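Chemist: Sequence and predicted model, in that order:
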Amino acid sequence: MSNKECSCNAAPKLILTCSGAADVGEIADRAARKLSRDGSGKMYCLAGIGALLNTFVDTTNAAGIVLAIDGCQVGCAKKILENNGIKDFKHILITECGFEKGKSPATDESVKIIAEKGESLLKGACS
């Protein structure tokens, strides 16, 4: 597919995360902020979608790529997106990446691992 045919090059890449209260939620939040700072995408407000605010839902549906990052298997970010009709998104579940809830401090290294996975998903969508 050429870049001209790929809509994700024109529309924003949005990153949504369930920051949660656990250590894996902090990893998710910090990884999303790193991706946003590094220019891989734009961190966006999951709470606005969960609150059923049309502007947030519409903007997310119009995005070229949506990346949801969940810390644990409860999958709040994934469920919020699906419950609002947003089905086409990439997803990272931190507890499936070798981190255990309650036993995984949010170190620079753990954040880097998840951010690299997110960057790969954001770049790989239109290659």
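Modeler: Perfect, thanks for sending it.
Chemist: Which parts of the chain are strands?
Modeler: Using DSSP state E, the strands of the chain run over 13-18, 42-43, 65-70, 90-93.
Chemist: Check the gap between the residue nearest to Val24 when sequence neighbours are not counted and Leu81 for me.
Modeler: Closest residue to Val24 apart from its sequence neighbours, by C-beta to C-beta, 6 or more residues apart in numbering: Gly71 at 3.4 Å. Yep, even glycine has a C-beta here, placed from its N, CA and C like the rest. Gly71 sits 15 Å away from Leu81, going by C-beta to C-beta, to the nearest Å.
Chemist: now do Gly102
Modeler: Gly102 sits 25 Å away from Leu81, going by C-beta to C-beta.
Chemist: before we move on, back to that, for the residue nearest to Val24, give me its contacts.
Modeler: Contact partners of Gly71, counting by C-beta atoms under 8 Å, 6 or more residues apart in numbering, are 18-20, 22-28, 94-95, 101.
Chemist: What does the pLDDT read for it?
Modeler: Note on Gly71: pLDDT of 97.
Chemist: Kindly provide the distance from it to Ile94.
Modeler: Distance from Gly71 to Ile94, by C-beta to C-beta: 5 Å.
Chemist: Which neighbours do those two have in common?
Modeler: Val24, Ile27, Ala28.
Chemist: Looking at those residues, which are in helices?
Modeler: Val24, Ile27, Ala28 (DSSP state H).
Chemist: Share the number of residues neighbouring the closest residue to Val57 other than its chain neighbours, please.
Modeler: With sequence-adjacent residues excluded and distances taken as C-beta to C-beta, 6+ apart, Val57 is closest to Asn84, at 5.2 Å. Other residues lying near Asn84 total 17 when counted by other C-beta atoms under 10 Å.
Chemist: And Asn84, how far from Asp108?
Modeler: 33 Å.
Chemist: Show me which helix runs longest in the protein.
Modeler: Under DSSP H, the chain gives helix 108-124 as its longest helix.
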